[in-house]
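**Q** pasted the sequence and its predicted model underneath.
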Amino acid sequence: MQNIAILGRGSIGLLTALELNKRYPNIDITIYGKKNKYSASYAAGAMINILSEIDCFNVNHPLTKWKLKNRSKAIQEWDNLNQYLINKNILKNTIYTSFGTEMSIDKNSVNKVEQSSLKSIVNTAKEYSIDIEIENNQKKEIVLIKEENSIDSNTLLDAIDNYLKTAITVIDCDVKALHKTESENWLIEDFQNNKKKFDTVIIACGAWSENLISKSNDIELPEIQSFYGVGCALLVKSQLPHVKDPKLKEIRRTPNRGGTCGIHGVQRINSIYVGASSHVSLLDLKLPNPESIRTLMDGTEQFLNIDTYDLAFEIAMGYRPVTSDHVPIIGSLSKNLFCLYGTKRDGLTWAPYFSKYLINYLFGDKDNQWDELMHLCSPQRKHISAGDIDECIDSYLLTKEWEDYQHRRNFNEEKKKKLRKMAQEAHEFINRNSEKKIGLNPEIINAIYYRNCK
């Protein structure tokens with residue numbers, strides 16, 4: 001390989017470029033992508049977390065089991081990255097902003113999804129021998145997860161981006177289309193109408209990857225659809241010289257609540273990140289939902305116990321790429337064309353691991369665990385079932401019920417009947433050409449319905 005193009009300047013794109021430059025400095029590397037404030041990598045809470053992302057809907061999924069088996073490698077790659085950035089003077093200090101996760105629920109919580117997800121986490125920790133501590137007081141049940149940490153994604157990715165500008169070619173422009181040449185390499189056409197040929201191309205554009213593939217010649221679009229997982233969060237900080245910034249020593253969070261708005265507080269360099277809403281959309285929505293912001297503001301005061309009277313809020317929004325079966329798309333789309341997108345909440349956590357083992361694969365180094373992941377996430381795969389269809393529909397209705405409860409809306413029988421019909425039609429669409437009975441993750445049902453059934 002004489003030259004490689006990486007499409008996307010989020011966490012996976014930047015870290016792949018960094019790893020490639022570190023190991024193969026004689027290769028001509030070009031990374032494309034307009035710096036986008038809506039990128040999930042920059043708008044993320046930036047938790048290096050695996051166990052705390054378990055919930056009652058994904059606990060038995062084959063991808064979840066793969067992540068749990070390989071979590072130590074993912075965590076180790078963050079430590080390796082930290083040391084490399086300090087040694088190269090890309091960052092002066094550690095990338096970590098806090099250590100450990102404190103997950104809790106109120107003992108009087110009536111949220112069944114929240115309760116079930118916490119039980120799933122405790123049971124999973126026992127099964128995989130993950131070091132946790134369980135505390136109980138009069139008000140809360142608390143699970144402490146020691147191996148999870150947080151970073152400031154903006155500080156980290158900006159530092160890597162600035163370094164790469166001195167080491168490789170960084171083009172602040174998105175790619176319009178890809179064209180296969182007669183010699184089976186790729187001609188890239190960007191939005192400034194510049195064209196350049198490359199031996200190998202890696203697509204890592206996150207939520208925008210599917211759109212690029214659909215507009216390119218000679219590439220078959222995967223059957224697995226991709227959507228915008230829209231999340232919004234608050235950055236809480238002081239803007240007054242006499243008021244101190246709030247501080248957290250660890251990640252503080254509730255369990256995942258399916259389609260409802262869980263709360264987590266994460267320390268950044270100059271603020272606390274409070275997130276995050278979760279809404280799977282067909283469109284890259286630009287404005288936050290007011291009800292989500294209200295819930296996050298309430299969570300800042302009530303769950304994180306931060307007095308916000310003299311503090312300021314900044315809204316952060318980002319698009320996490322979500323596929324129709326909640327499994328990333330990782331693998332070859334065509335000869336010399338590789339893609340890695342659809343990672344949802346896990347893109348940042350797994351980015352150092354993905355970048356290392358992707359490059360190993362491209363240069364012929366075999367790894368059984370990476371091969372297992374690529375088989376599971378293959379672009380040519382059929383939909384991976386989230387479970388029994390009736391159980392998936394019941395779970396979907398449960399998330400909608402507790403979403404309405406949290407957002408102070410009425411969940412009545414008429415609405416329940418309408419939602420059940422939508423869920424049934426979404427499942428009928430996914431199973432139209434399948435011999436198997438594929439169940440859909442509750443969070444994706446609305447997007448499948450509105451894209452394909454309405």
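**A** Done, it's in.
**Q** so where's the chain uncertain?
**A** 1, 37-38, 40-42, 258-261 (pLDDT under 70).
**Q** what residue is smack in the middle of it?
**A** Residue closest to the average C-alpha location in the chain (C-alpha atoms, centre = their mean): Arg345, at 2.2 Å.
**Q** quick check: longest helix of this structure.
**A** Counting by DSSP state H, the longest helix found in the chain is helix 62-87.
**Q** the residue nearest to the centre of the chain reaches Ile54, doesn't it?
**A** No. Contact status for Arg345 versus Ile54: not in contact, 11.6 Å apart, counting by C-beta atoms under 8 Å. C-beta: built from backbone N, CA, C; applies to glycine.
**Q** how about Pro321: what's its closest non-neighbour residue?
**A** Spatial nearest neighbour of Pro321, excluding adjacent residues (C-beta to C-beta, 6 or more residues apart in numbering): Ala207 at 4.1 Å.
**Q** please disregard the earlier target; I meant Gly275.
**A** What sits nearest to Gly275 in space, not counting adjacent residues and going by C-beta to C-beta, 6+ apart, is Ala233, at 3.2 Å.
**Q** for that neighbour, what are its contacts?
**A** For Ala233, the contacting residues are Ala43, Gly45, Tyr273, Val274, Gly275, Ala276, Ser277, Leu296, Ile315, Ala316, Met317, by C-beta atoms under 8 Å, 6 or more residues apart in numbering.
**Q** what does Leu376 give?
**A** Counting by C-beta under 8 Å, 6+ apart, Leu376 makes contact with Pro62, Leu63, Trp66, Val327, Ile384.
**Q** so what's the backbone phi/psi at it?
**A** Phi and psi for Leu376, reported as degrees, to the nearest 10, are phi -70, psi -40.
**Q** sorry, back to before: which one of the contacts of Ala233 has the most neighbours?
**A** Tyr273 (29 neighbours; other C-beta atoms under 10 Å).
**Q** in which helix or strand does the nearest residue to that one once chain neighbours are set aside reside?
**A** Leaving aside its sequence neighbours, Tyr273 sits nearest to Val266 (C-beta to C-beta, 6+ apart; 4.4 Å). Assigned by DSSP states H and E, Val266 belongs to strand 264-267.
**Q** CA-only coordinates of that strand, as CSV, when you get a sec.
**A** Taking C-alpha atoms only, strand 264-267 is exported to CSV below (Å, rounded to 0.1, in the frame of the first residue of the first chain):
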residue,chain,number,x,y,z
HIS,A,264,-25.0,10.6,33.8
GLY,A,265,-22.5,13.2,35.0
VAL,A,266,-19.0,13.1,33.6
GLN,A,267,-16.0,15.4,34.4
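**Q** got a list of contacts for the helix or strand hosting Ile4?
**A** Here Ile4 sits within strand 3-7, counting by DSSP H and E. With contact meaning C-beta under 8 Å, 6+ apart, strand 3-7 is reached by 13, 16-17, 20, 27-33, 175, 186, 188, 196, 198-205, 209, 212.
**Q** what pairs with that strand, parallel or antiparallel?
**A** Applying DSSP bridges to the sheet, strand 3-7 is found paired with strand 28-32 (parallel), strand 200-203 (parallel).
**Q** now the element after it, going C-ward?
**A** Scanning forward in sequence from strand 3-7 by DSSP H and E, the next helix or strand is helix 11-23.
**Q** between that following helix and strand 28-32, how many degrees?
**A** Using axes from the mean of the first three to the mean of the last three C-alpha atoms, to 10 degrees, the direction of helix 11-23 lies 170 degrees away from that of strand 28-32.
**Q** could you look up the SS state of His383?
**A** Using DSSP: H, G, I helix; E, B strand; the rest coil, the structure places His383 in coil.
**Q** surely it meets Ile224?
**A** Yes. Here His383 reaches Ile224: they are 6.7 Å apart, a contact under C-beta under 8 Å.
**Q** tell me, what's touching these two both at once?
**A** Overlap of the contact sets of His383 and Ile224 (by C-beta under 8 Å, 6+ apart) consists of Ser324, Asp325.
**Q** now the helices for the stretch 101-250 of the chain?
**A** Counting by DSSP state H, counting those that start in this stretch, the stretch 101-250 of the chain has helices at residues 112-127, 153-167, 209-214.
**Q** of those helices, which is nearest Asn89?
**A** Proximity to Asn89 (C-beta to C-beta) singles out helix 153-167 among the helices of the stretch 101-250 of the chain, at 9.1 Å.
**Q** what about Ala351, neighbour count?
**A** 29.
**Q** so it makes contact with Leu15?
**A** Yes. Distance between Ala351 and Leu15: 4.7 Å, which falls inside the contact criterion (C-beta under 8 Å).
**Q** how far is stretch 26-36 from where the chain is centred?
**A** Stretch 26-36 sits 21 Å away from the centroid of its parent chain (C-alpha atoms, centre = their mean, to the nearest Å).
**Q** I meant to write stretch 437-451 there.
**A** That offset, for stretch 437-451, works out to 18 Å (C-alpha atoms, centre = their mean).
**Q** now swap in stretch 344-361 and tell me
**A** 11 Å.
**Q** return it as PDB; C-alpha atoms alone will do.
**A** C-alpha atoms of stretch 344-361 as PDB (Å, rounded to 0.1, in the frame of the first residue of the first chain):
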ATOM      1  CA  LYS A 344     -23.700   3.800  18.600                       C
ATOM      2  CA  ARG A 345     -22.600   4.700  22.200                       C
ATOM      3  CA  ASP A 346     -19.500   2.500  21.900                       C
ATOM      4  CA  GLY A 347     -17.500   4.300  19.200                       C
ATOM      5  CA  LEU A 348     -15.300   6.300  21.600                       C
ATOM      6  CA  THR A 349     -14.800   3.500  24.200                       C
ATOM      7  CA  TRP A 350     -13.600   1.000  21.500                       C
ATOM      8  CA  ALA A 351     -11.800   3.500  19.200                       C
ATOM      9  CA  PRO A 352      -8.200   2.700  20.300                       C
ATOM     10  CA  TYR A 353      -8.900  -1.100  20.100                       C
ATOM     11  CA  PHE A 354     -10.700  -0.700  16.700                       C
ATOM     12  CA  SER A 355      -7.900   1.300  15.200                       C
ATOM     13  CA  LYS A 356      -5.100  -1.100  16.300                       C
ATOM     14  CA  TYR A 357      -6.800  -4.300  15.200                       C
ATOM     15  CA  LEU A 358      -8.200  -2.800  11.900                       C
ATOM     16  CA  ILE A 359      -4.600  -1.900  10.900                       C
ATOM     17  CA  ASN A 360      -3.400  -5.300  12.000                       C
ATOM     18  CA  TYR A 361      -6.000  -6.800   9.700                       C
END
